[in-house]
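1. model this:
(one chain, ligands or ions: 1)
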Amino acid sequence: MKNTIKKQRDFFNSNATKDISFRKNQLKKLKKLLKDHENELDEAIFKDFKKSPFDNYVSELSILYHDIDDAIKNVKSWAKRKSVKTNLLNMPASSYIIPEPLGVTLVIGAWNYPYQLSLAPAIASIAAGNTVILKPSELPVHTSNIMAKLINENFEPEFFKVIEGGVSETQELLSQKFDKIFFTGSSYVGKIVYQAAAKHLTPVTLELGGKSPAFFTEKCDMKIGIKRMIWAKFLNAGQTCVAPDYILVHNSRKEQFLKLAKEEIENSHFHFDNDNYVQIINEGNMQRLIGMMEGAKVYSGGNYDIEERYFEPTVLTDVSFDDPVMQNEIFGPILPVIEYTDIDKAIAEVKKRPKPLSLYIFSKERNIIDKILNEVSFGGGSVNDAVMHLTNTYMGFGGVGDSGIGSYHGIHGFNTFSHFKSILDRSTLIEPNLKYYPHTKNKLKMIKMILGQK
Ligand code: NAD
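-> Numbering: from 1, shown residues only. The predicted structure is shown next:
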């Protein structure tokens, strides 16, 4: 590890990664590598948790291809120095901001979208001109292996290297000095990463999780709302950081909500025997989900098969904020439904809890939509949809508070992996002597005038 980091630091210091065509060529190479090996990538992820080639394309590879194409097209302008105004005090001069890469970066991935969550930050880091060490999650072993194989056989280790491993390898990596750490995972491990980074004053981006609520207000388009929400919730069997975690539905619409949600699940492809319904990642997570159902009132679903690691899409009714299922992020196909009568009280309950990664509002009532958007702090979200906001890379994606620090995708990813160096570039033609000794009353008056102060 130490040797790889040293080599990467030397390579970074050679300035090779500062060249924009170098960055573009590496990104092109990565895209070709992924395209040429799509079948192997499909097979690996299917072996890990039966994720289908369709889902692998839609929720992993297409996002990576988009991020690569976007970076190749725009990196030149993202990396350009930008002129800004100069203040009166410093004139004549020009002022500009130079985006510069940070150096040797560490990306730590989560398991639930193993390709996307490992490689999208790596793409942003490469675009910004850094070197990358990638540590994918060890849980989906086949996807971790194939990423290591493809990248380590095709990229120079001093530029881009995959180091596989679990907790001990990650902790060893974290004990080293990096110039940036980008972590995706739980809030619990996020704190470990943050503490380790603090020892070296390394900047971090933390992409964490949390309980993301979805409101269905009194006046909403229930049919289309449920269709979109059910897809977002049960995609990847609920193992999505931005999945709606629980529902807050106006009491006048609760019965209709439950009935339509049940019908929508029945008509969907989220069934054990469908190739597009993934497994729960491991037995530990199966047991965790079973534990969350303790004392719960099941409205629909509720079946599971521990050996096959399948968990049926499940809707819980008459849920209260004190129930076991409401204590932690669910991260699985269980949907608790809580009814509310007073929107202010519902908002107050959300605000008592850690700031969510996402929040969704299904409503036709603009005043309530704006009220929730104004009053609740959360990473990002959608109105009348769920999850889809993260596909719009014109907006950054990330959390706030317990759900994360920083954001990425598109230019936001480039910015996350860059430092913005501010330069004042002065003319030597004149040198007013205002700041120099002797400090007279007149000089002070002039300084106040230039600063626009009295
Ligand atoms: P995790 O925190 O258990 O693991 C993430 C990474 O940290 C893995 O690479 C793992 O090897 C490493 N790790 C685990 N324990 C460690 C320790 N003690 N010390 C050092 N490293 C350690 O998370 P996970 O189970 O892979 O993912 C699930 C969580 O991630 C959920 O909370 C989910 O919401 C969140 N998540 C967030 C996003 C996002 O973009 N914000 C995306 C996906 C998942």
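2. got the phi/psi numbers for the residue lying closest to residue 85 once chain neighbours are set aside?
-> Spatially, and ignoring its direct neighbours in sequence, residue 85 is nearest to residue 95 (6.8 Å; C-beta to C-beta, 6 or more residues apart in numbering). Placement of C-beta: from N, CA and C, glycine included. Residue 95 adopts backbone torsions of phi -130, psi 140, taken as degrees, to the nearest 10.
3. Can you check the pLDDT for residue 95?
-> pLDDT, residue 95: 98.
4. again with residue 431
-> 91.
5. ok but residue 361 is inside a helix, no?
-> No - Residue 361 is assigned strand when assessed by DSSP: H, G, I helix; E, B strand; the rest coil, not a helix.
6. Pretty sure it sits against residue 215.
-> Yes - with contact defined as C-beta atoms under 8 Å, residue 361 reaches residue 215; the gap is 4.8 Å.
7. Please report the distance of the residue of the stretch 51-200 of the chain found nearest the ligand from residue 192.
-> Nearest to the ligand, among the residues of the stretch 51-200 of the chain, is residue 185, at 2.7 Å (C-beta to the nearest ligand atom). Distance of residue 185 to residue 192, given as C-beta to C-beta, to the nearest Å: 10 Å.
8. between the two, which one's more packed in?
-> It is residue 185, of residue 185 and residue 192, that has more neighbours when counted by other C-beta atoms under 10 Å, with 22 against 16.
9. hang on, isn't that one packed against residue 107?
-> No - Residue 185 lies out of contact with residue 107 (C-beta under 8 Å); the separation is 11.4 Å.
10. how far does whichever helix or strand residue 345 is part of sit from the chain's center?
-> Using DSSP states H and E, residue 345 falls within helix 343-352. Distance, stretch centre to chain centre, for helix 343-352: 25 Å (C-alpha atoms, centre = their mean, to the nearest Å).
11. Could you pull out the buried residues of that helix?
-> 343, 346, 347, 350 (16 or more other C-beta atoms under 10 Å).
12. With stretch 193-206 instead?
-> 193, 196, 197, 202, 203, 204, 205, 206.
13. Just these: which are in helices?
-> 193, 196, 197 (DSSP state H).
14. from the residues you listed, which is closest to residue 84?
-> Comparing these against residue 84 with C-beta to C-beta picks out residue 197 as the nearest, at 30.0 Å.
15. surely residue 226 meets residue 261?
-> Yes - in this structure, residue 226 is within contact of residue 261 by C-beta under 8 Å, at 5.5 Å.
16. Nearest residue to residue 258 in space, please, no chain neighbours.
-> Nearest non-adjacent residue to residue 258 (C-beta to C-beta, 6+ apart): residue 299, at 5.3 Å.
17. Which residues of the stretch 51-200 of the chain lie near the ligand?
-> Residues of the stretch 51-200 of the chain lying close to the ligand by C-beta under 6 Å from any ligand atom are 108-112, 117, 135, 137-138, 166-167, 170-171, 184-186, 189, 192.
18. got it, and the stretch 301-450 of the chain?
-> Counting by C-beta under 6 Å from any ligand atom, the stretch 301-450 of the chain sits next to the ligand at 329, 331, 357, 399, 404.
19. Check what pLDDT the residue in the chain that the ligand sits nearest to gets.
-> Residue nearest to the ligand within the chain: residue 209 (2.0 Å; C-beta to the nearest ligand atom). The model reports residue 209 with a pLDDT of 93.
20. which element is it on?
-> Here residue 209 is assigned to no helix or strand, by DSSP H and E.
21. go on, residue 22?
-> helix 20-36.
22. how about that helix: buried residues?
-> For helix 20-36, by 16+ other C-beta under 10 Å, it's 20, 23, 24, 26, 27, 30, 31, 34.
23. and the closest residue to the fifth one other than its chain neighbours, how many residues sit next to it?
-> For residue 27, the nearest residue in space outside its immediate sequence neighbours is residue 68; the separation is 5.0 Å by C-beta to C-beta, 6+ apart. Using other C-beta under 10 Å, residue 68 is surrounded by 24 other residues.
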